[in-house]
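Asks: please find the sequence and the predicted model below.
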2 protein chains.
Amino acid sequence: MEDEGPAERPLTRIQQKNRQTILEAALEVFSQHGFRGATLDQIAEGAGLSKPNLLYYFPSKEAIHVELLSTLMDAWLAPLRALDPAGDPVEEILDYVRRKLELSRDYPRESRLFANEVLQGAPRMMDALEGDLKSLVDEKAAILTRWAEAGRIADLPPHHLIFSIWALTQHYADFDVQIRAVLGPGHDPYEEAEGFLDTLFRKLLAP
Amino acid sequence: MEDEGPAERPLTRIQQKNRQTILEAALEVFSQHGFRGATLDQIAEGAGLSKPNLLYYFPSKEAIHVELLSTLMDAWLAPLRALDPAGDPVEEILDYVRRKLELSRDYPRESRLFANEVLQGAPRMMDALEGDLKSLVDEKAAILTRWAEAGRIADLPPHHLIFSIWALTQHYADFDVQIRAVLGPGHDPYEEAEGFLDTLFRKLLAP
DNA sequence: AAGCCGTTTGACCAATCGGTCGGGAACAGG
DNA sequence: CCTGTTCCCGACCGATTGGTCAAACGGCTT
């Protein structure tokens, strides 16, 4: 029987469009002010909808935030998932660095949303950090360890190597205003960073 | 006339103590929730004082925040100021890395306060970033360039080298919960980071 | 035309926000 | 003791917060 149960509603076109609009506006506001600093009125204005209408599509302010975070986590972890144990070690890691830097460049608001959440103790993400994230990192760290034991990359603490990639790439999104203030006009931080990080990790990983 | 105007009062012992208590409590709250997310009631409770009493010592919530930020900037820039053009290049830079990592370890709340502010566009710190910070960084970047031209360290973009130090050291304070969640129990992130960052920058700076 | 269901909103609510005010408590110096 | 200044707080204020609700709107089928 092709009968759909009463639980699963197919989502109208209007619902899909408005949910998207709301999430887009919410990302803008949450990433700038953090969860507690953001207001539903700001999000509503950004989305061009009335406040009660927001709460017609999402049950609460927190639900919007949680939806953003969970959607974000997948995209955020994808580059690390792509790390291939069968590939060339140095090039695999450099690919990871490159993809992570591209995320910072193309989705800085998502990076800042994540940073805001972790900065405040990750109250809505602890499970994901200790669960999916930790197991994924542990798995990939094991690959790095094997590469190091085979003498194909330098012998470095694998977890901290991964942390350094996170730190160096996300820094360009999270501290964007500081970087631009210090560099002054006439610079493309991300383009310069790409070459610098390439050099950095090639030197670091050389056995 | 040498008459003292009504503006300069010497600050009572009680004033000094209570101002300190308030700033300590405010640091705790601001660093966790950001400016907009923090409330005077939280700060007052943390300081063990009544809310009107806070506003007896500080004219507004923003004044407390500004006071914290300006005090912070000095301590934050001190390690970079200490970079000595007459010293051994690699050791000078490694000293800087070490001092910066110690700041993250010993004053993580200050680091998160700073991160929160920059993350939100540094609305109360733009002047400092484009003024004192930029000129200090430019000055020290010139030293790095000279060292590179003399072949005493690797030829790297000096600004991004400094950014990498900031990113790698502050990451351990700002993303503390993520790092501990991924590492699991039984780790001392800062001790492990010290060795890792020492290795990283020695490899990176080698000509 | 009628009815229906997804959509939208103005009016409203209790709670909380940053900040004020007037008066009392504590501590001087005389 | 009295007097003045510093210190402290309960009560309160207007504005804003996240969230509710009943009523109305819209397009679609019958």
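Replies: Received it, and whenever you're ready, just let me know what you need.

Asks: what residues does the helix or strand A:Ser135 falls within touch?
Replies: Using DSSP states H and E, A:Ser135 maps to helix A:134-149. Applying Cβ atoms under 8 Å, 6 or more residues apart in numbering or on different chains, the external contacts of helix A:134-149 come out as A:77, A:80-81, A:83, A:85, A:89, A:93, A:153-156, A:158-159, A:161-162, B:181-182, B:184. The way it works is simple: take the backbone N, C-alpha and C, and place the C-beta from them, glycine included.

Asks: quick one: buried residues of the helix ranked longest in chain A?
Replies: Across chain A, the longest stretch assigned as helix under DSSP state H is helix A:13-37. Buried residues in helix A:13-37, defined by neighbour count with 16 or more other Cβ atoms under 10 Å in any protein chain shown: A:18-19, A:21-23, A:25-37.

Asks: now the angle from that helix to helix B:13-37?
Replies: In terms of direction (axes from the mean of the first three to the mean of the last three Cα atoms, to 10 degrees), helix A:13-37 departs from helix B:13-37 by 170 degrees.

Asks: who are the packing partners of helix A:13-37?
Replies: helix A:40-47, helix A:51-57, helix A:61-81, helix A:108-119, helix B:13-37 (3 or more Cβ pairs under 8 Å, 6 or more residues apart in numbering or on different chains; DSSP states H and E).

Asks: what's the closest of the ones you listed to DNA strand C?
Replies: Smallest distance to DNA strand C across the helices and strands packed on helix A:13-37 (Cβ to the nearest atom of the strand): 3.3 Å, for helix A:51-57.

Asks: who touches the closest one?
Replies: A:Gln15, A:Asn18, A:Arg19, A:Ile22, A:Leu40, A:Asp41, A:Ile43, A:Ala44, A:Ala47, A:Ile64.

Asks: still on that earlier bit, give me the buried subset of the contacts of helix A:134-149.
Replies: Using 16+ other Cβ under 10 Å as the threshold, A:80, A:83, A:89, A:93, A:153-154, A:156, A:158-159, A:161-162, B:181-182 are the buried ones among the contacts of helix A:134-149.

Asks: mean confidence for stretch A:191-204?
Replies: In this model, stretch A:191-204 has a mean pLDDT of 98.

Asks: quick one: it to chain centroid distance?
Replies: Centroid separation for stretch A:191-204 versus its chain: 21 Å, with Cα atoms, centre = their mean, to the nearest Å.

Asks: buried sites along that stretch?
Replies: A:Glu192, A:Ala193, A:Glu194, A:Phe196, A:Leu197, A:Thr199, A:Leu200, A:Phe201, A:Lys203, A:Leu204.

Asks: go on, stretch A:56-73?
Replies: So stretch A:56-73, judged by 16+ other Cβ under 10 Å, has buried residues A:Tyr57, A:Phe58, A:Lys61, A:Ile64, A:His65, A:Leu68, A:Leu69, A:Leu72, A:Met73.

Asks: low pLDDT regions in chain A?
Replies: A:1-11 (pLDDT under 70).

Asks: tell me how it divides into domains.
Replies: Domains of chain A are assigned by automatic domain parsing as A:13-59, A:68-205.

Asks: export these as TSV, with columns for distance to B:Leu113.
Replies: Formatted as TSV, the domains of chain A follow (distance: least, Cβ to Cβ, whole Å):
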stretch	distance to B:Leu113
domain A:13-59	13
domain A:68-205	10
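
Asks: helix, strand, or coil at A:Arg152?
Replies: When classified by DSSP: H, G, I helix; E, B strand; the rest coil, A:Arg152 comes out as coil.

Asks: what does A:Pro85 give?
Replies: coil.

Asks: which non-adjacent residue is nearest it?
Replies: Sequence neighbours aside, A:Ile143 is the residue nearest to A:Pro85 in space, at 4.7 Å (criterion: Cβ to Cβ, 6 or more residues apart in numbering or on different chains).

Asks: count of residues packed around that neighbour?
Replies: 18 (other Cβ atoms under 10 Å in any protein chain shown).

Asks: tell me the centre residue of chain A?
Replies: For chain A, A:Trp76 is the residue whose C-alpha lies nearest the centre (Cα atoms, centre = their mean; 3.7 Å).

Asks: tell me the residues of chain A that contact DNA strand D?
Replies: A:Ala38, A:Thr39, A:Leu40, A:Asp41, A:Gln42, A:Lys51, A:Pro52, A:Leu55, A:Pro59, A:Ser60, A:Lys61, A:Glu62 (Cβ under 7 Å from any atom of the strand).

Asks: could you find which two of these are furthest from each other?
Replies: A:Gln42 and A:Pro59 (18.6 Å; Cβ to Cβ).

Asks: gap between the closest residue to A:Gln42 other than its chain neighbours and A:Ala47?
Replies: Nearest-residue entry for A:Gln42: A:Val29, 4.8 Å, with adjacent residues in sequence omitted and distances by Cβ to Cβ, 6+ apart. Distance, A:Val29 to A:Ala47, by Cβ to Cβ, to the nearest Å: 10 Å.

Asks: need the contact list for A:Pro108.
Replies: Per Cβ under 8 Å, 6+ apart, neighbours of A:Pro108: A:Ala173, A:Asp176.

Asks: returning to that earlier point: quick one: the residue nearest to the centre of chain A and A:Phe114 touch, right?
Replies: Yes: with contact defined as Cβ atoms under 8 Å, A:Trp76 reaches A:Phe114; the gap is 6.6 Å.

Asks: give the intersection of the neighbour lists for those two.
Replies: Common neighbours of A:Trp76 and A:Phe114, using Cβ under 8 Å, 6+ apart, do not exist here.
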